[in-house]
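> Fold the following for me, if possible:
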Amino acid sequence: MVVAGQVKFWRDQRKLSANELSQRTAELGSEVPRSVIANLENGRRESISVDELLILGAALNVPPLLLLTPVGRVQNLRILPDVESTPWFSRGWIIGARLVDYAGSSVQKWRDGRRVVALYDVHRTLVQQYVQVQARIRRIADQTQLAARTALDHERFLQALVNELARSLHALRTHRQLIEREGFLIPELPPALTTLLNEVEVPDQEEQAPEDWGNALADQSAAEELLLILRQAQAGRPTDEA
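Model prediction:
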């Protein structure tokens, strides 16, 4: 069994005896007896529960997924009775990133089944985009980077960043509403970003042109860190972050 081989491999890598590994699982709150580990590795036990897989992964400090898919260690493994695949492709199938072709498989049903994964992936990307805009705002708030700009260039540059921030917030809020409409739990956000989404209303595209979003966002200066940095930079005052 693949899991047995992986448990043995990682136990050796961690220089743990079967008894020490068992003790570690007990410390984590769900003991896997030494005899179970020994029987698993020796092939006397042919199955493992999900709970055991997770606790062994934690005890070995290894992603549990690697106990199922020996990436980099074998060329192929059997993932279904009549289906073999590479460990990397198998990993993708388990996390919902790739479809494995098997009897009765349906691309449409698979896509429908992984819908929430796709929604959460897009949400993560939108949050990352927001963080990137946030980092840019922090950088330009450093007066040493603004010294070479004329007052007009300074104002236009800051306004462009405010507009970009507004578009980022609008996209994130819209996507979170989509997740909610489809009946899924909305992912958690950092407190500062939650404050922005809750307190700052970004106009809909039909109500206001994208280039005006930044003006509306700046006008509603709720006590939020990013907008404070912008206002301080526009006023020519150094920020605490500088």
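
> in stretch 44-51, what's buried?
Ile48 (16 or more other C-beta atoms under 10 Å). For the C-beta atoms, the positions are set from N, CA and C on the backbone; glycine is no exception.

> same check, this time on stretch 13-31
In stretch 13-31, counting by 16+ other C-beta under 10 Å, buried: 16, 18, 21-22, 24-25.

> Mind checking which of those are in helices?
Among these, the residues falling in helices (DSSP state H) are 18, 21-22, 24-25.

> thinking again about what came up before, could you export the buried residues of stretch 13-31 as TSV, including pLDDT and distance to Val83?
Listed next are the buried residues of stretch 13-31 as TSV, based on pLDDT from 0 to 100; distance: C-beta to C-beta, whole Å:
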residue	pLDDT	distance to Val83
Leu16	95	33
Ala18	94	32
Leu21	96	31
Ser22	96	33
Arg24	96	34
Thr25	96	31
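
> Turn those residues into JSON lines, including distance to Arg138.
JSON lines is the format used below for the buried residues of stretch 13-31 (distance: C-beta to C-beta, whole Å):
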{"residue": "Leu16", "distance to Arg138": "44"}
{"residue": "Ala18", "distance to Arg138": "51"}
{"residue": "Leu21", "distance to Arg138": "45"}
{"residue": "Ser22", "distance to Arg138": "49"}
{"residue": "Arg24", "distance to Arg138": "42"}
{"residue": "Thr25", "distance to Arg138": "44"}
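
> Just give me the closest of those to Leu119.
Thr25 (34.2 Å; C-beta to C-beta).

> Look up how far Glu84 lies from the closest one.
Thr25 sits 31 Å away from Glu84, going by C-beta to C-beta, to the nearest Å.

> Doesn't Pro70 lie inside a helix?
No: read with DSSP: H, G, I helix; E, B strand; the rest coil, Pro70 is coil and lies in no helix.

> so how many other residues sit close to it?
Neighbours of Pro70 under the rule other C-beta atoms under 10 Å: 18.

> just Gly43 next, same as before
Gly43 has 10 nearby residues by other C-beta under 10 Å.

> and what of Gly72?
For Gly72, the neighbour count with other C-beta under 10 Å is 8.

> Next up, the contacts around it.
Going by C-beta atoms under 8 Å, 6 or more residues apart in numbering, Gly72 touches Pro87.

> For it, report the pLDDT, please.
The model reports Gly72 with a pLDDT of 93.
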